[in-house]
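heads up, no residue letters with this:
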């Protein structure tokens, strides 16, 4: 049994709180809004994000940050990616040397182009940042539907410890040393999901979505390898696995925002209607800047940026993708 503090009471942080309590761990869930913490504690339901899901009585819910952080074996960073740096600075005074912090958010910071574990390491150098990622919608995890993820850490024993904490009959965790690859897959799949949603909004079919998923993972892998990640990671849960679920699921906020873009809404209108943080919008610009920095060809990411920030019509973006110069599918496969 471990003592665990979860920083962030959104849908994902709350779902993980349910999972970890059911795994037998002493778990505290922190909300930055006192009124939300009181409501969750009293009603035992996250009516806004996870309606109909009962929060276990043993899940402690609080607005007291110190109570959440001090004396914990593991801290879980479950805030939106754009809030990770600010949150890391806020919690730093309470962090002891060697504190394990598991990032479960997905994104790349604009401007610095840093991954989220890199941000945590920069802001809290005395901590040990790790990652947990994969195809894992909170709506399903909170209801105990079978789910698999991958835990990434620099040391194998750390990854194995996280694996043991999360493993259950309904949640299977694998381990990997490729923290960079796991984070890139989790962040950039949201950009491709915006494109897949836009295709749905335009009324395109399964062929289009399959093409976007397949060529999308090619772009993500190509960029990841250039940055030092391992190709095998993108063929796994945090790569193709997370990409499939985010491009196809009714729970995907990025796909939903993409559908609205395809229907003619602006980026601002789409984000307002989704009513949740659309991580792909923030990761799109960073993904494109990384592509330019590492001189990697990422045409889907490029077109998504033009739709989001330059006002390009989604239909024209698809047409431009289709009319690109002829290519070989894989340079690793050639004629003798």
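Received, thanks. Here the structure is a predicted model, which is why all the values come from computation and not from measurement.

tell me how far the residue sitting nearest the centre point of the chain lies from residue 69.
Nearest residue to the geometric centre of the chain (Cα atoms, centre = their mean): residue 106, 2.8 Å. Distance, residue 106 to residue 69, by Cβ to Cβ, to the nearest Å: 22 Å. In short, each C-beta sits where N, CA and C put it, glycine included.

and the residue nearest to residue 46 when sequence neighbours are not counted, how many neighbours?
Nearest non-adjacent residue to residue 46, counting by Cβ to Cβ, 6 or more residues apart in numbering: residue 14, 5.0 Å away. By other Cβ atoms under 10 Å, the residues close to residue 14 number 27.

next one: residue 159
The number of residues packed near residue 159 is 23, by other Cβ under 10 Å.

helix or strand: which one has the nearest residue to the residue nearest to the centre of the chain once chain neighbours are set aside?
Once flanking residues are discounted, residue 106 sits nearest to residue 186: 3.8 Å by Cβ to Cβ, 6+ apart. Using DSSP states H and E, residue 186 sits in helix 179-201.

mind listing the helices for the stretch 201-336 of the chain?
In the stretch 201-336 of the chain, the helices defined using DSSP state H, counting those that start in this stretch lie at 206-227, 231-234, 242-248, 253-262, 267-274, 279-293, 299-310, 314-322.

buried stuff in the shortest one?
Of all the residues in helix 231-234, those buried under the rule 16 or more other Cβ atoms under 10 Å are 233, 234.

for it, which helices and strands make contact with it?
Applying 3 or more Cβ pairs under 8 Å, 6 or more residues apart in numbering; DSSP states H and E, one finds that helix 231-234 contacts helix 179-201, helix 206-227.

okay, the ones you listed in CSV with mean neighbour count, mean pLDDT and distance to residue 23 next?
Output for those, formatted as CSV (neighbours: other Cβ atoms under 10 Å; pLDDT from 0 to 100; distance: least, Cβ to Cβ, whole Å):
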stretch, mean neighbour count, mean pLDDT, distance to residue 23
helix 179-201, 29, 96, 21
helix 206-227, 19, 96, 31
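
ok, residue 303 - contacts?
195, 312, 317, 318, 320, 321 (Cβ atoms under 8 Å, 6 or more residues apart in numbering).

and the fifth one, how far from residue 313?
Counting by Cβ to Cβ, the gap between residue 320 and residue 313 amounts to 10 Å.

residue 78 now?
Residue 78 sits 36 Å away from residue 313, taking Cβ to Cβ as the criterion.

between those two, tell me which one has more neighbours.
For residue 78 versus residue 313, neighbours defined as other Cβ under 10 Å are more numerous around residue 78 (26 against 14).

what are the phi and psi values for that one?
Backbone torsions for residue 78, taken as degrees, to the nearest 10, come to phi -130, psi 40.

for it, give me its contacts.
Counting by Cβ under 8 Å, 6+ apart, residue 78 has contacts 6, 7, 8, 10, 12, 13, 16, 104, 105.

pLDDT averaged over the host helix or strand of the fifth one - what is it?
Read it as residue 12. Element membership for residue 12 (DSSP H and E) is helix 11-22. Averaging pLDDT along helix 11-22 yields 98.

contacts for that helix, please.
Residues outside helix 11-22 that contact it (Cβ under 8 Å, 6+ apart) are 4, 6-7, 9, 27, 29, 40, 46, 49-50, 53, 55-56, 58-59, 76, 78-79, 104-105, 136, 138-139, 141-142, 144, 165-166, 168, 170-171, 276.

pull out the buried members of the residues you listed.
Buried members of the contacts of helix 11-22, counted by 16+ other Cβ under 10 Å: 4, 6-7, 9, 27, 29, 40, 46, 49-50, 53, 55, 59, 76, 78-79, 104-105, 136, 138-139, 141-142, 144, 165-166, 168, 171.

these in strands, which ones?
The members of the buried ones among the contacts of helix 11-22 that map onto strands under DSSP state E are 4, 6, 7, 27, 29, 46, 50, 53, 76, 171.

could you dump those residues into a markdown table with pLDDT and distance to residue 247 added?
Below are these laid out as a markdown table (pLDDT from 0 to 100; distance: Cβ to Cβ, whole Å):
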| residue | pLDDT | distance to residue 247 |
| --- | --- | --- |
| 4 | 98 | 31 |
| 6 | 98 | 28 |
| 7 | 98 | 28 |
| 27 | 98 | 31 |
| 29 | 98 | 30 |
| 46 | 96 | 26 |
| 50 | 96 | 22 |
| 53 | 97 | 25 |
| 76 | 98 | 26 |
| 171 | 98 | 22 |
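
now distance to residue 252 too, for the residues you listed, in TSV please.
Shown next, in TSV, are these (distance: Cβ to Cβ, whole Å):
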residue	distance to residue 252
4	27
6	22
7	24
27	26
29	24
46	19
50	16
53	18
76	22
171	20
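
from the residues you listed, which is closest to residue 256?
Proximity of these to residue 256 was ranked by Cβ to Cβ; the top entry is residue 50 with 16.7 Å.
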